[in-house]
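1. give me the fold of what follows.
(2 chains)
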Amino acid sequence: MSEPHAGQRVYRHSITARVTHWLWALAMLVLFMSGLQIFNAAPYLDASDKSDPTHRVLSFEAHQAADGKQVGTTTIFGHTFTTTNVLGYTDDGQGGETERAFPGWITLPATQDLADGRTWHFFFGWVLVLSLMTYLIAGMVRKDLRELILRPSDLPKLLPMQLYYFRLRKEPPPHGTYNPLQKAAYTVVLFVFFPLIILTGLALSPGIDAITNPLVWVLGGRQFARTWHFVLMALFFGYFLTHMVLVFSTGAWNNIKSMFTGWYQLKDHDGVGI
Amino acid sequence: MKRRLFVASLSASGLVACGPVKDQLTTSLHPLLDSVQGLNHALIGTRGMAHLYKESDIDKIYRVNGLDTPSDTRYADAARDDWRGYRLPVVGLVDRPATYTLAELRAMPQVVEITRHDCVEGWSVIGKFGGVPLATVIAMAQPQHSARYVIFHCFDKDESGTEYYESLDLHQAAHPQTLLALDLNGKPIDPDHGAPVRLRIPTQLGYKSAKWVRQIELAAAFPANSNGGYWEDQGYEWYGGI
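-> Residues are numbered from 1 along each chain as shown, chains lettered A, B, ... in the order given. A predicted model of the protein is given here:
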């Protein structure tokens, strides 16, 4: 067998990896949109157990200005910003504007409806958990999961890879299927972000709190758990943007096609055959 | 290829942003989306105990939410002369139907618990509730084998005249922290918080803790065309533990 080289087509993503990737991509989109719908019902976050305005870290409000116009505001750690038409006073999902934290164009459903938002959220919570578990179990059985887990031997390669991304280095450090920065990102997302966003969500349920009081306690209380759940959503959003930038800047068609067919064409930046 | 991707991502974002499509999809998929409710109820259920707080954790103001405090003559009659007009009937599929006065409820063994009220909207408040374990009243009524649900009929009505009601299954009703609450923060419950008798179930969301309880009924099923409660009929889950 010859060494892998740029231009070669390799079978990279198993059928389970491809199906579960798109399933949880859909689940994360629905959870994001329905989560913002649910958030709108109490548009503030506290760093405390019970609700406590003295521990408020984020809030969205609306008020009427002196000229009679409605103003939407966003307050982060006590600093207030005017965010009219976007946050606080914004799209009601039915063509008008109203007092509302996140706009109708980003929530699911569009019209303010907490019950429907919860219905979406709890169904796709299961889609996420089951697809994630399927992916992890299949990845362990097939042993291809180990290709994307960051190992101590990858640590010295993190900086050279970052320099390559910044174009301060001509070639990426030699690596396996995934480069060390990809492995770092995937490892954190799979084993830190996903478990934490699921656990912080579960902590909001009074039934689960009764079963396992310590879960809510370690998160700092119920309102704090709600805040962490929101923070993790924001981290996932950041991850998603990074994921998109990299998918589109490193051969969009090849990348996207490989997540449907499994076949990927090796490129120079893959650090092989150099 | 780039153009194809551009068109695809544009139509995807169009779908995300399109309000009527999202709302229509919500209606169409509702039966499917609702299918996990039974699973959530079976897995989480009513196990364990709600966390008990200290006196110092109690909120000075217990947030008021829900329908307006009843103001009709039926409620006013019950409130007359320090609630001497109030009666709580326990009826339905029971061998020993009974009707209690407030004094009789107060004469039963009382439980006091400081617990957190988790509202479905996302906020929480801590209060001290005192009252009779619901299990005591249910056991005295001796439910028949066919009884599955405890239905709470309430005094409050919305603007359209629809009465508030709630329901628990017998297992949830028998949980030791489920109370027919008579006191809030050491005083008889005031009208805005559900006087004279309200349900308090700290293992579930706030809407399950019906205020202004007027009658307790044991039944084999929910009433016709009912999902088991006022908010349940507006689309909220019957199982309020999540």
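2. tell me who's in contact with B:Gln177.
-> For B:Gln177, the contacting residues are B:Met49, B:Ala50, B:Glu113, B:Thr115, B:Ile201, B:Pro202, B:Thr203, by Cβ atoms under 8 Å, 6 or more residues apart in numbering or on different chains. (Glycine included, C-beta is placed from N, CA and C.)
3. just these that are near chain A?
-> Filtering the contacts of B:Gln177 for neighbours of chain A using Cβ under 8 Å from any Cβ of the partner chain leaves B:Met49, B:Ala50, B:Pro202, B:Thr203.
4. quick one on the thing from earlier: of the contacts of B:Gln177, which belong to strands?
-> B:Glu113, B:Thr115 (DSSP state E).
5. what's the most distant pair in the contacts of B:Gln177?
-> B:Met49 and B:Ile201 (12.1 Å; Cβ to Cβ).
6. more neighbours: which of the two?
-> Taking neighbours as other Cβ atoms under 10 Å in any protein chain shown, B:Met49 and B:Ile201 compare with B:Ile201 leading, 27 against 16.
7. and the helices in chain A?
-> Using DSSP state H, the helices of chain A run over A:15-39, A:114-142, A:155-165, A:180-188, A:194-202, A:206-211, A:213-218, A:222-249, A:252-261.
8. longest strand in chain A, please.
-> strand A:56-64.
9. quick one: contacts for the residue nearest to A:Gln37 when sequence neighbours are not counted?
-> Once flanking residues are discounted, A:Gln37 sits nearest to A:Gly117: 3.3 Å by Cβ to Cβ, 6 or more residues apart in numbering or on different chains. A:Gly117 sits next to A:Ser34, A:Gly35, A:Gln37, A:Ile38, A:Asn40, A:Ala41, A:Thr107, A:Leu108, A:Pro109 when contact means Cβ under 8 Å, 6+ apart.
10. any idea which residue of chain A lies closest to chain B?
-> Going by Cβ to the nearest Cβ, chain B is nearest to A:Gly207 of chain A, at 2.6 Å.
11. correct me, but that residue touches B:Thr46?
-> Yes. Shown here, A:Gly207 and B:Thr46 form a contact pair, counting by Cβ atoms under 8 Å, at 6.8 Å.
12. how about the helices in chain B?
-> Going by DSSP H, chain B shows helices at B:2-17, B:19-34, B:37-44, B:73-83, B:102-107, B:134-141, B:170-173.
13. give the buried residues for the last one.
-> If you call a residue buried by 16 or more other Cβ atoms under 10 Å in any protein chain shown, then helix B:170-173 has these buried ones: B:Gln172, B:Ala173.
14. what residue is smack in the middle of chain B?
-> B:Lys208 (1.3 Å; Cα atoms, centre = their mean).
15. OK, contacts around A:Gly221?
-> A:Gly221 sits in contact with A:Ser48, A:Asp49, A:Lys50, where contact means Cβ under 8 Å, 6+ apart.
16. kindly write the PyMOL command that selects the buried subset of those residues.
-> This is the PyMOL syntax for the buried subset of the contacts of A:Gly221, where burial follows 16+ other Cβ under 10 Å:
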select buried, chain A and resi 48+49+50
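17. ok so, going back, please enumerate the shared neighbours of A:Gly207 and B:Thr46.
-> By Cβ under 8 Å, 6+ apart, the residues touching both A:Gly207 and B:Thr46 are B:Thr203, B:Gln204, B:Gly241.
18. kindly reformat these as a markdown table and extend each row with neighbour count, distance to A:Lys183 and pLDDT.
-> Converted to a markdown table, the shared contacts of A:Gly207 and B:Thr46 look like this (neighbours: other Cβ atoms under 10 Å in any protein chain shown; distance: Cβ to Cβ, whole Å; pLDDT from 0 to 100):
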| residue | neighbour count | distance to A:Lys183 | pLDDT |
| --- | --- | --- | --- |
| B:Thr203 | 27 | 42 | 98 |
| B:Gln204 | 27 | 43 | 98 |
| B:Gly241 | 25 | 39 | 96 |
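19. what residues does the stretch 101-250 of chain A have near chain B?
-> So far as Cβ under 8 Å from any Cβ goes, the stretch 101-250 of chain A lies against chain B at A:104-106, A:108-111, A:113-116, A:118-120, A:122-123, A:126, A:204-213, A:216-217, A:222-223, A:226.
20. again, only this time at 7 Å
-> Taking Cβ under 7 Å from any Cβ of the partner chain as the contact definition, the stretch 101-250 of chain A meets chain B at A:104-105, A:108-111, A:114-116, A:119-120, A:122-123, A:126, A:205-211, A:213, A:222-223, A:226.
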